[in-house]
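J.: can't give you the sequence, but here's the structure:
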């Protein structure tokens, strides 16, 4: 994982501001939904006022954190993911370099993987549902594809297609109640799905950051 370049972008921007009050926007969805491809386009084609934060679970599990099926191990994993997520977000906000930080999943995603009740999750990580919903300016949820389109190209993806769809449904439920929750449904044409998601992202960035051409969508 290239952590040093996780928020590196290549497009120029007319904005001359040296600091920004960063807004956090979640990009989420079940396994295989297309988040990785979408965020790679943003990293490459948007300006450096748009940060892309890496997925905390990939940092942890890709770095050797034990990934076991027992309930204690699953709870430990989600507690660790929550803390890494919070620190990634805090670092980015306090640096004041980015106007928008796109979070590859947010803190409420952990509840979808939690082996217990909602009350237990919030008590264990020391927060409330209302506090976590208030952290984010918007949530963009990409739906997981059906079994015919689901793939295992990501080596950290261990879920079957039915398991992925079930997780996707739990993530939708976890973010229910956010006033700016956007659901991007699965589409036969993946580029159409990406275009819809990119339009939602563009709506969140400053005016000066909305003009960049997206290479993958050129016809």
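T.: Sure, I can see it. Treat the numbers as computed from the prediction; the structure is a model and nothing was measured. Residues are numbered from 1 along each chain as shown.

J.: list the residues that contact the nearest residue to residue 170 once chain neighbours are set aside.
T.: Counting by CB to CB, 6 or more residues apart in numbering, residue 112 is the residue found nearest to residue 170 once chain neighbours are left out, at 3.8 Å. (Glycine included, C-beta is placed from N, CA and C.) Contacts here follow CB atoms under 8 Å, 6 or more residues apart in numbering; on that basis residue 112 touches 167, 170-171, 173-174.

J.: if we use 7 Å, what do you get?
T.: For residue 112, the contact set (CB atoms under 7 Å, 6 or more residues apart in numbering) comprises 167, 170-171, 174.

J.: what lies in contact with whichever strand or helix holds residue 192?
T.: Using DSSP states H and E, residue 192 sits in helix 190-202. Under the contact criterion CB under 7 Å, 6+ apart, helix 190-202 has outside partners 34, 37-38, 41-42, 102, 140, 142, 182, 184, 186-187, 210, 214, 217.

J.: sketch out the low-pLDDT regions of this protein for me.
T.: 1-19, 146-159, 210-219 (pLDDT under 70).

J.: on that earlier part again, could the contacts of residue 112 be laid out in TSV, adding neighbour count?
T.: Compiled in TSV, those are given as follows (neighbours: other CB atoms under 10 Å):
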residue	neighbour count
167	20
170	15
171	28
174	26
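
J.: relative to residue 82, which of those residues is nearest.
T.: Within those, proximity to residue 82 (CB to CB) peaks at residue 174, which comes in at 12.6 Å.

J.: return the distance of whichever strand or helix holds that closest one from the chain's centre.
T.: Per DSSP H and E, residue 174 falls inside helix 161-175. Going by CA atoms, centre = their mean, to the nearest Å, the spacing between the C-alpha centre of helix 161-175 and its chain's C-alpha centre is 14 Å.

J.: pull the residues that contact the very next helix or strand once past that helix.
T.: Next helix or strand after helix 161-175 toward the C-terminus (DSSP H and E): strand 181-184. Strand 181-184 is contacted by residues 138-143, 175, 193, 196-197, 200 when judged by CB under 7 Å, 6+ apart.

J.: re earlier: which of the contacts of helix 190-202 are buried? Put it as a PyMOL command.
T.: Here is the PyMOL command that selects the buried residues among the contacts of helix 190-202 (16 or more other CB atoms under 10 Å):
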select buried, resi 34+38+41+42+102+140+142+182+184+186+187+214
